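Novice: take a look and give me a structure for this.
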Amino acid sequence: MTEKEKMLAGMVYEAVLDEDLKEDRLKCKDLCFAANQLPPSKIKEQSEIFVSLFAKAGEGFYITTPFWCDYGYNIEIGKNFYSNHNCVILDCAKVTFGDNVFVGPNCCFATAEHPLDETERNRGLETARPIQVGNSVWFGAGVTVLPGVTIGDNVVIGAGSIVTKDIPSNVVAVGNPARVIRSLENSGLYRIVPLKEVYAKDICGWKYEGEYSVYSYSSWEMAIRNHWEIADAKVRGQEYRGVLNKAGELTGYFKMHQDENGEVEIGLGMRPEECGQGKGADFVKTITDYVKKQYPESLVYLEVRLFNQRAVKCYEKAGYQVVCEHDSIKPWGTFRYKRMELKKED
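Specialist: Alright, predicted model coming up:
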């Protein structure tokens, strides 16, 4: 096999001294140099160079120079691809971008890996693993994506992140190494707003049926008379939020309270008519994403009445797990609860 064939097959290959690969790299660098030297107004001429350089270039792409890559023939970009200044793609293996991918300035996509063994490394040996990026992905400034990474659709990678492992679809990931910090699956389904008094009055009129009637408030007047938190404007403003649907209607609410240990407990309720219709997991995920944004370093947990297996299953779908059972004293009595904590990201 030639060194190029080994490189494309993901095998160990001689990268530095092989004449064929050296010739390919120099040809590529000359084309990058030519594009980089053109005035910014020469968009058509720059695009023609990149079309000749890449294996595939979708319609409507725009690359802000300077831009550099190793070979070019291992790069595929989809429709409406955009990269800002100083994008570097080390395409010793295939690098594929879907449609509507936006790359911030100073980003690097590196497929090459060098041996840990100094003798092999000093001989110029290396391997390469492909990088694959889905549709509708936005890379913030200064992101580095390392060999073998696959990134799903509808993903945001925060500025300065180092992506060392696969990132699933519909998430925001940040950090070194990049970790998922929130979901985008529910983006647009619900909107979090302050819990105004008019919403609180509405909630106090919600009536749940059967065994779930324990979650019903008696009335707004009773809430005021008994000094319940939902009727206290100060507490409501600090810890309570309303959840609106796409139509702007109140579909639920939640309370977030940080205890003396720095842990954040969530208490929540969904409009009775909305319960039992398969909407709960998305509802809880939306609330959880909001709370984690407010308290990014805190453990988040829920407490669920022992009988309420429907809620337990819903919370499990939303990323929580049961950690224990215990008695808990509430204003309305002492009851047995399951404590469910939000799972930590790997």
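
Novice: if I pick residue 93, what's in contact with it?
Specialist: 7-8, 10, 74, 111-112, 128-131, 147 (C-beta atoms under 8 Å, 6 or more residues apart in numbering). For every residue, glycine as well, the C-beta is placed using N, CA and C.

Novice: typed the wrong thing, it's residue 89
Specialist: For residue 89, the contact set (C-beta under 8 Å, 6+ apart) comprises 68-70, 75, 95, 108-109.

Novice: same thing with residue 197?
Specialist: Contacts of residue 197 (C-beta under 8 Å, 6+ apart): 233, 236.

Novice: any idea of the pLDDT on it?
Specialist: With respect to pLDDT, residue 197 scores 95.

Novice: for this protein, what's the longest helix?
Specialist: helix 19-37 (DSSP state H).

Novice: whichever helix or strand comes after it to helix 19-37, inter-axis angle?
Specialist: Using DSSP states H and E, the next helix or strand after helix 19-37 towards the C-terminus is helix 43-53. For helix 43-53 against helix 19-37, the angle by axes from the mean of the first three to the mean of the last three C-alpha atoms, to 10 degrees is 170 degrees.

Novice: helices or strands next to helix 43-53 in the packing?
Specialist: helix 19-37, strand 56-57, strand 62-63 (3 or more C-beta pairs under 8 Å, 6 or more residues apart in numbering; DSSP states H and E).

Novice: quick one: the residue of the chain most remote from its centre and residue 325, what's the gap?
Specialist: Distance to the chain centre peaks in the chain at residue 225, reaching 44.2 Å (criterion: C-alpha atoms, centre = their mean). Distance of residue 225 to residue 325, given as C-beta to C-beta, to the nearest Å: 33 Å.

Novice: what's the answer for residue 42, then?
Specialist: Distance from residue 42 to residue 325, by C-beta to C-beta: 69 Å.

Novice: residue 279 now?
Specialist: Counting by C-beta to C-beta - residue 279 and residue 325 are separated by 27 Å.

Novice: between the two, which one's more packed in?
Specialist: More crowded of residue 279 and residue 325, by other C-beta atoms under 10 Å: residue 279, with 17 against 12.

Novice: next one, pLDDT for the closest residue to that one other than its chain neighbours please.
Specialist: Using C-beta to C-beta, 6 or more residues apart in numbering and skipping residues adjacent in sequence, the residue nearest residue 279 is residue 270, 7.5 Å away. Looking at residue 270, its pLDDT is 96.

Novice: quick revisit: JSON lines for the helices and strands packed on helix 43-53, including mean pLDDT and mean neighbour count?
Specialist: What follows is the helices and strands packed on helix 43-53, written out as JSON lines (pLDDT from 0 to 100; neighbours: other C-beta atoms under 10 Å):
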{"stretch": "helix 19-37", "mean pLDDT": "97", "mean neighbour count": "14"}
{"stretch": "strand 56-57", "mean pLDDT": "97", "mean neighbour count": "16"}
{"stretch": "strand 62-63", "mean pLDDT": "96", "mean neighbour count": "18"}
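
Novice: and residue 313, which of these is closest to it?
Specialist: Distance to residue 313, taken as C-beta to C-beta, is lowest for strand 56-57 among the helices and strands packed on helix 43-53, at 44.6 Å.

Novice: which neighbours in the sheet does the closest one have, and how are they oriented?
Specialist: Sheet pairing for strand 56-57, assigned by DSSP bridges, gives strand 75-77 (parallel).
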